[in-house]
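When you get a sec, could you give me coordinates for this:
(one chain, ligands or ions: 2)
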Amino acid sequence: MERRNAWLTYTEAEKKELEELSIAYRHFLDAGKTERECVARIIEEAEAAGYVSLKEKLENGEQLKAGDKVYAVEMKKIIALFQIGQEPLEKGMNILGAHIDSPRLDVKQNPLYEDADMAYLDTHYYGGVKKYQWVALPLALHGVIVKKDGTVVDVNVGEADEDPIVYITDLLPHLAGKQMEKNAAMVIEGENLDILIGSQPLSDLPDEKKKEAVKENILKILKEKYDVEEEDFLSAELEVVPAGKARECGLDRSMIAAYGQDDRVCAYTSFAALLDMEAPKRTSCCLLTDKEEIGSVGATGMQSCFFENSVAELMEACGCYSDIALRRALRNSRMLSSDVSAAFDPAFADAFEKKNAAFMGRGIVINKFTGARGKSGSNDANAEYVACIRNIFDTHNIAFQTAELGKVDIGGGGTIAFIAALYGMEVIDSGVAVLSMHAPWEVTSKADVYEAMKAYKAFLLEA
Ligand code: MN
Ligand code: MN
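Ligands and ions are numbered 1, 2, ... in the order given. Here you go, the predicted structure:
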């Protein structure tokens, strides 16, 4: 049951559409390197396409009707967008759910120190990272510093050509004999992922401050640039991410190399599919969650009540809310839990079982189940639902393939699917295959990105 490479099927018009999508996708990746930045960018694009805040609609007491487009946001990090369908909400929605948080290094609450005439920010990594991959490359600092008076200061350093970058050092090979003998998990230790941010001492300091003159200089720069004090780090969310723009990859430009494609590749294509919907039969929804990489916890993770509450508010605004109607709306929904898959990598062929692996360029990947050690922790989609999905994809000429995450017992992973399934809705994992997942730069195939967008559109139309 080998699947065909999607590139072999494209007409010139399709190739043009594929390129346009990949350019828009790269711009999205450049604008959204944190969950907050992604939400801001999504709102901007959604409002331009006629979406309005559900909260505002409710406050103005406006009733929603079929065709209306609204969005709900929590804490600037999770967002649900809806286009009201012709059918009553109680009959269920077609939901595309992806996540917009990505592995990275978070700056600690008391981060700033000086050692050997250099200033550093201490970090605590977020999500599953191979720590040795994050050293000796250009890094950028994105996030917010919130002052006691509530002022939110945006920070974005390391992206513009004229910006400085920040950096984590590694040991020179000449002295690394002992380091190279270590287990890869210990080559770079978490506590050593400290960001080098300065080396120039401030002159003319009083005696008691002289021994931290480099740190003092950094504090002076922070004061001048952002009007913040050292104590303001206490209420900051600063994320250290790879610096630089998403790039085309390969001499044939067939791939995209960029930070954060898990899972912004599914987030963006889901959102793009929603924007293309006009007057759907069932209500279309695109849900973009935070905290997936650390277990979908917290008020902005999938385990929170955000989605359920947003649907309740939506039904209220449509004049059809009741507890039983809400339960039915969720139970009768169908969802694609849109998250990335591991692409087969010949360099690490041992980790995969080739018949059930995802291949670059062979289209969107359906994962009936995820999990680890005997499917543990997985949402195992119903065969009837898998049949329904593959019928939709075949009817719309979508290139798709099925896969599981690696060989049996070699590892595993999870997504938001099992949480949505708690409502009794049909849900299955589907997404784009990624090389070097969770690395500072991840690689996808433009063809797979294109097929994902087409698949999501077909799903919103037909499911
Ligand atoms: Mn993911
Ligand atoms: Mn991930």
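
need the contact list for Val135.
Taking CB atoms under 8 Å, 6 or more residues apart in numbering as the criterion, Val135 is in contact with 168-170, 188, 193. Where C-beta positions appear, they are placed from N, C-alpha and C, glycine not excepted.

of those, buried ones?
Buried subset of the contacts of Val135 (neighbour count, 16 or more other CB atoms under 10 Å): 168, 170, 188, 193.

Now do the contacts for Trp134.
Here Trp134 is in contact with 105, 125, 168, 188, 193, 440 (CB under 8 Å, 6+ apart).

Mind doing that once more with 7 Å?
Shown in contact with Trp134 (CB atoms under 7 Å, 6 or more residues apart in numbering): 105, 168, 193, 440.

same thing with Ser53?
Applying CB under 7 Å, 6+ apart, the residues near Ser53 are Tyr71.

I figured Ile100 hits Ala267, correct?
Yes: here Ile100 reaches Ala267: they are 5.0 Å apart, a contact under CB atoms under 7 Å.

and for those two, which residues touch both?
38, 288.

circling back to that earlier point, would you mind checking which of the contacts of Val135 is nearest to Asp204?
When the contacts of Val135 are compared for distance to Asp204 (CB to CB), Thr169 wins out at 29.2 Å.

How about the secondary structure of the residue nearest to the closest one when sequence neighbours are not counted?
Spatial nearest neighbour of Thr169, excluding adjacent residues (CB to CB, 6 or more residues apart in numbering): Leu196 at 6.2 Å. Assigned state for Leu196: strand (three-state reduction, DSSP: H, G, I helix; E, B strand; the rest coil).

ok, now which ones touch Glu426?
Contact analysis of Glu426 by CB under 7 Å, 6+ apart lists 334-335, 382, 385.

Over to Asp290?
Residues near Asp290 by CB under 7 Å, 6+ apart: 35, 77-78, 99-101, 300-301.

Can you say which two of those residues are spatially most distant?
Ile100 and Gly301 (11.5 Å).

Quick one: the helices in the stretch 251-400 of the chain, in order.
Ranges of helices within the stretch 251-400 of the chain are 261-275, 306-317, 323-331, 383-395, based on DSSP state H, counting those that start in this stretch.

Please work out the average pLDDT along the third one.
Just to be clear, that refers to helix 323-331. For helix 323-331, mean pLDDT is 98.

re earlier: out of the contacts of Asp290, which comes closest to Ser203?
Glu35 (40.5 Å).

Enumerate every residue touching the closest one.
Applying CB under 7 Å, 6+ apart to Glu35 gives the contacts 77, 100-101, 290.

swap in Tyr259?
Neighbouring residues of Tyr259 by CB under 7 Å, 6+ apart: 33, 241-242, 440-441.

Nearest residue to it in space, please, no chain neighbours.
Pro242 (4.3 Å).

Could you report the neighbour count for that neighbour?
Residues lying near Pro242 (other CB atoms under 10 Å) number 21.

can I assume it is in contact with Leu139?
Yes: look at Pro242 against Leu139 with CB under 7 Å: they come within range, at 6.2 Å.

And the closest residue to Gln83 other than its chain neighbours, how close does it get to Ala66?
Spatial nearest neighbour of Gln83, excluding adjacent residues (CB to CB, 6+ apart): Ser284 at 4.5 Å. As judged by CB to CB, to the nearest Å, Ser284 and Ala66 stand 11 Å apart.

Overlap of the contact sets of the two?
Gly85.

And these two? Which one has more around it.
The neighbour count for Ser284 versus Ala66, taken as other CB under 10 Å, is higher for Ser284 (28 against 15).

which residues touch the more buried one?
Contacts of Ser284 (CB under 7 Å, 6+ apart): 83, 85, 94, 274, 277, 460.

go again using 6 Å as the cut-off
Contact partners of Ser284, counting by CB atoms under 6 Å, 6 or more residues apart in numbering, are 83, 94, 274, 277, 460.

Please say which of Ile100 and Gly301 ends up with more neighbours.
Applying other CB under 10 Å to Ile100 and Gly301 shows that Ile100 carries more neighbours, namely 29 against 22.

Nearest residue to the most centrally placed residue in the chain in space, please, no chain neighbours.
Centroid-nearest residue in the chain, with CA atoms, centre = their mean: Ile100, separated by 2.7 Å. Leaving out its chain neighbours, the residue that sits closest to Ile100 by CB to CB, 6+ apart is Cys38, at 4.1 Å.

how much does the helix or strand where that neighbour lies deviate in direction from helix 261-275?
Cys38 is located in helix 35-48, with elements delineated by DSSP states H and E. Relative orientation of helix 35-48 with respect to helix 261-275: 10 degrees, computed using axes from the mean of the first three to the mean of the last three CA atoms, to 10 degrees.

Dump the C-alpha coordinates for helix 35-48 into CSV.
The C-alpha trace of helix 35-48 is given here as CSV (Å, rounded to 0.1, in the frame of the first residue of the first chain):
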residue,chain,number,x,y,z
GLU,A,35,2.2,31.6,21.3
ARG,A,36,1.5,35.2,22.1
GLU,A,37,2.9,36.4,18.8
CYS,A,38,0.9,33.7,16.9
VAL,A,39,-2.3,34.7,18.5
ALA,A,40,-1.7,38.4,17.7
ARG,A,41,-0.9,37.5,14.1
ILE,A,42,-4.0,35.3,13.8
ILE,A,43,-6.3,38.0,15.2
GLU,A,44,-4.8,40.5,12.7
GLU,A,45,-5.4,38.2,9.7
ALA,A,46,-8.8,37.0,11.0
GLU,A,47,-10.1,40.5,11.6
ALA,A,48,-9.0,41.5,8.1
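
right, and the helix or strand after it?
strand 52-53.

Give me the contact list for the helix or strand following that following strand.
Proceeding N to C from strand 52-53, the next assigned helix or strand is helix 54-59, under DSSP H and E. Residues outside helix 54-59 that contact it (CB under 6 Å, 6+ apart): 70, 72, 313, 317.

What residues of helix 54-59 count as buried?
54, 57-58.

now Tyr423, nearest residue through space, not along the chain?
In this structure, Tyr423 finds its nearest non-sequential neighbour in Leu330, 3.9 Å apart by CB to CB, 6+ apart.

again with Glu216
Leu202 (4.6 Å).

Pretty sure Leu275 sits against Glu47.
No: in this structure, Leu275 is not within contact of Glu47 by CB atoms under 6 Å, at 11.3 Å.

Looking at the two, which one has more neighbours?
Neighbours per residue (other CB under 10 Å) separate Leu275 from Glu47, with Leu275 holding more: 19 against 13.
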